[in-house]
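> predicted model, plus sequence, below.
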Amino acid sequence: MSSRSDRRRRRHHHLALALTTALALAGCADAARSTPSPTDRSSESTSAVALPPAGGRVDYQLGGAYPPAGPVQTVVRDRAASPDPDRYSVCYVNAFQTQPGDRELWPDDTLLRRDGRVVTDPDWPDEALLDTSTDARRERIAAVLVPWVEGCADDGYDAVELDNLDSYTRSGGALERQDNVALARRLVDAAHAKGLAAGQKNAAEDSEVLREGAGFDFAVVEECAAYRECPTYEQVYGDRVLDIEYTDNLPRTFAAMCADEASPRSMVLRDRDLEPAGSPGHVARVCP
């Protein structure tokens, strides 16, 4: 299986800003049409699973597993890697697009097409978008993904991180937010059934809908301090926001970001390629 160091992603901030206005107009209607009771789903999700340590130090290891340095309490690794036996462990799953090199794992009718051609992520052209537009296709996608989620539990992970929840924004209008929320709900239910917590990946502008409609328990986010988006996540998930900042995009020193009350307590500074310890470019620093 290929390395997952390329799986971390940061969608351009202008996209989030542009979507915020449009989604605010559609949010109430989407939530009412496609999601169950917010109170029911949020209470179910938080009562039955173990959540990441609130405000605990985190390391993000998609580029390769290694023993964390310092007092780290939560570790995120790719589903192909083993969990950290001594720390709360989160299992990364690319849930709404194909993984590079793994397209053959997907039935043809699960891939989104336009004019007969597979639609790919413009920033990651080796990743095809999954077609979440109908109940039948979502079930076909879930037939692949649910065993992956269950495998994370069987391997000893405590939680899953579901990536590319915002794939609908790259579909040219073929997919809607409610389509992805419906699939996310299916995957979160599968995670909870196996005793796993479920983490929302990025998609700040959708946090409230994803929490209420799909039942996510916490968030794994990239560069929310750099782009000043962290309060959007924390309003929904409190201290259970795991933030990864990158060395090549620091608007101020990492120490200053750590001292900023708007930054999550669970924040790590990583090199962009998420190199494992011992590699020349490796950086992994947590706040004091």
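Good, I have the coordinates.
> what count of nearby residues applies to Ala193?
Here the number of neighbours of Ala193 (other C-beta atoms under 10 Å) works out to 14. (Each C-beta comes from the backbone N, C-alpha and C, glycine too.)
> what's the distance between it and Arg270?
In this structure, Ala193 lies at 32 Å from Arg270, with C-beta to C-beta, to the nearest Å as the measure.
> cool, and Ala174?
From Ala174 over to Arg270 (counting by C-beta to C-beta), the distance is 33 Å.
> settle it for me: which of the two has more neighbours?
Residue environment comparison for Ala174 versus Arg270 gives the larger neighbour count to Arg270, 22 against 16, counting by other C-beta under 10 Å.
> beta partners for that one?
Bridge pairing for Arg270 (DSSP bridges) gives the partners Tyr246, Ala284.
> and it, what is it in contact with?
Tyr60, Ile244, Glu245, Tyr246, Thr247, Val283, Ala284 (C-beta atoms under 8 Å, 6 or more residues apart in numbering).
> and the residues you listed, which two are the farthest apart?
Tyr60 and Thr247 (12.7 Å; C-beta to C-beta).
> neighbour count winner among the two?
Neighbours of Tyr60 and Thr247, each counted by other C-beta under 10 Å, are more numerous for Tyr60; the result is 24 against 13.
> who's in contact with that one?
Applying C-beta under 8 Å, 6+ apart, one finds that Tyr60 lies in contact with Arg8, Val76, Val220, Leu242, Ile244, Val268, Arg270, Leu274.
> from those, pick the one nearest Pro52.
Proximity of these to Pro52 (C-beta to C-beta) peaks at Leu242, which lies at 6.6 Å.
> distance between the strand or helix carrying the closest one and the chain's centre?
If you go by DSSP states H and E, Leu242 is part of strand 241-246. In this view, strand 241-246 has its centroid 11 Å away from the chain centroid, taken as C-alpha atoms, centre = their mean, to the nearest Å.
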